[in-house]
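K.L.:
sequence plus the predicted model coming up.
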Amino acid sequence: MAATVIDGKEFAARVRGQVATHVTRLKDDHGITPGLAVVLVGEDPASQVYVRSKGKMTVEVGMKSVEHKLDADTSEDALLTLIEQLNNDPEIHGILVQLPLPQHLNEDLVINSIDPAKDVDGFHVSNVGLLGTGQKSMVPCTPLGCLMMLRDHHGSISGMDAVVIGRSNIVGKPMAQLLLNDSATVTIAHSRTKDLADVVRRADIVVAAVGRPELVQGDWMKKGATVIDVGINRLDAPEKGEGKTRLVGDVDYESCAAVAGAITPVPGGVGPMTIACLLANTITACCRANGLAEPEGLTA
Ligand code: NDP
């Protein structure tokens, strides 16, 4: 039987709809407009695209969107001063500094200068520690989106065998932690893992966050496994015309879909969930800042 396709585009639209409902409620019942500030340093084209679509979707759900675009040679002091202003701004509930930063800026220092309560990317060490100890935190958006899709598909993932391929701070590690917090039995694989195919073959859930196009093969897969493909890789596609490209994941879709029980496509899987979860995190941060109940189903 063909695998169920987990439609991230449709799911993300649903999440944004829930967020919009909560924004309306916050405005009508409490006179509060949730605000998200995005800081972009430099002119990285991919980052500019991300920031634009984040701003657009923030406005679409009814939130206040503030964008700070700084020159590539902005000093660390100037950036830290801006973050301090945003930390102290009561109309801003979420702050996101678009990564990567230009080389001369210390990424850890910058991220850890954000008020953890406004750290909607969930990268501040306080949030990492809170997540690691199973406490209420801000959860990184991409893994949160993956978790939401897994919970939606399975109901509960308790007791399932999960493999996360990749151990980055922004995807792999927090993903593994979230799966563990939901009582899955979790293995983290990485570039030094000896027999990746054998590790993947044992898993009911496979999350691939590697950055290697179509690495994960169908004959590595346990029959009926759920596959979450985080990878976004752009490949040349001369068959589509000169200079054309196509996006592929870290999973070989055709061969894996033939064996898996459910799979996320690329594009249209995890990608759209990331921005939806950024908006969800901003609502969560806003509710916490105002001592209000958090909306259900929008956080871990
Ligand atoms: P990183 O490059 O930071 O991490 C990649 C991880 O994969 C590392 O832990 C690395 O291991 C591991 N790895 C590399 N090669 C292999 C291999 N051959 N076998 C097993 N493990 C391997 O990437 P990110 O976590 O930032 O991103 C991963 C992917 O997800 C990328 O394609 C990225 O574009 C995508 N992404 C998508 C997002 C979305 O919104 N959908 C958001 C963020 C990322 P080691 O630690 O040993 O080097």
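P.N.:
Noted; the coordinates are in hand. Residues are numbered from 1 along each chain as shown.

K.L.:
ok, now how distant is L109 from L130?
P.N.:
Distance, L109 to L130, by Cβ to Cβ, to the nearest Å: 20 Å. C-beta: built from backbone N, CA, C; applies to glycine.

K.L.:
those two: who's more crowded?
P.N.:
Set side by side, L109 and L130 show more neighbours around L130, with 17 against 12, by other Cβ atoms under 10 Å.

K.L.:
helices or strands next to the helix or strand that contains that one in the packing?
P.N.:
For L130, the host element (DSSP states H and E) is helix 125-132. With contacts taken as 3 or more Cβ pairs under 8 Å, 6 or more residues apart in numbering; DSSP states H and E, helix 125-132 sits against helix 172-181.

K.L.:
I'd like the next helix or strand past the helix it packs on.
P.N.:
In the C-terminal direction, the helix or strand that comes right after helix 172-181 (DSSP H and E) is strand 185-189.

K.L.:
pretty sure P143 belongs to a helix, no?
P.N.:
Yes - assessed with DSSP: H, G, I helix; E, B strand; the rest coil, P143 lies in a helix.

K.L.:
apart from its neighbours in sequence, what residue is nearest it?
P.N.:
Nearest in space to P143, with sequence neighbours left out and distances taken as Cβ to Cβ, 6 or more residues apart in numbering, is M175 at 4.0 Å.

K.L.:
that neighbour and the ligand, how far apart?
P.N.:
As defined by Cβ to the nearest ligand atom, to the nearest Å, M175 lies at a distance of 9 Å from the ligand.

K.L.:
these two touch, right, that residue and V207?
P.N.:
Yes - shown here, M175 and V207 form a contact pair, counting by Cβ atoms under 8 Å, at 5.5 Å.

K.L.:
if you count what's nearby, which of these two comes out ahead?
P.N.:
Comparing M175 with V207 by other Cβ under 10 Å, the one with more neighbours is V207, at 33 against 29.

K.L.:
backbone dihedrals for the more buried one, please?
P.N.:
When quoted as degrees, to the nearest 10, the phi and psi of V207 stand at phi -110, psi 120.

K.L.:
so what's it bridging to?
P.N.:
Residues in a beta bridge with V207, per DSSP bridges, are V164, I228.

K.L.:
what's the pLDDT at it?
P.N.:
At V207, the pLDDT value in this model is 99.

K.L.:
likewise for M1?
P.N.:
The per-residue confidence score, pLDDT, reads 72 for M1.

K.L.:
so what's the residue count around C287?
P.N.:
21.

K.L.:
correction: the previous question concerned P295.
P.N.:
Burial measure for P295: 17 neighbouring residues, criterion other Cβ under 10 Å.

K.L.:
ok and the helix holding L130 relative to helix 172-181, angle-wise?
P.N.:
With axes from the mean of the first three to the mean of the last three Cα atoms, to 10 degrees defining the directions, helix 125-132 sits at 30 degrees from helix 172-181.

K.L.:
just the C-alpha atoms of helix 125-132, please, in PDB.
P.N.:
Output of helix 125-132 as PDB, limited to C-alpha atoms (Å, rounded to 0.1, in the frame of the first residue of the first chain):
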ATOM      1  CA  VAL A 125      20.700  28.400  26.300                       C
ATOM      2  CA  SER A 126      18.000  28.800  29.000                       C
ATOM      3  CA  ASN A 127      15.400  27.400  26.600                       C
ATOM      4  CA  VAL A 128      17.700  24.600  25.600                       C
ATOM      5  CA  GLY A 129      18.200  23.700  29.300                       C
ATOM      6  CA  LEU A 130      14.500  23.900  30.000                       C
ATOM      7  CA  LEU A 131      13.600  21.700  27.100                       C
ATOM      8  CA  GLY A 132      16.400  19.300  28.100                       C
END
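
K.L.:
now do the strands in this protein.
P.N.:
Secondary structure of the chain (DSSP state E): strands located at 4-5, 35-41, 64-70, 94-97, 161-165, 185-189, 205-208, 226-229, 233-236, 245-248, 262-263.
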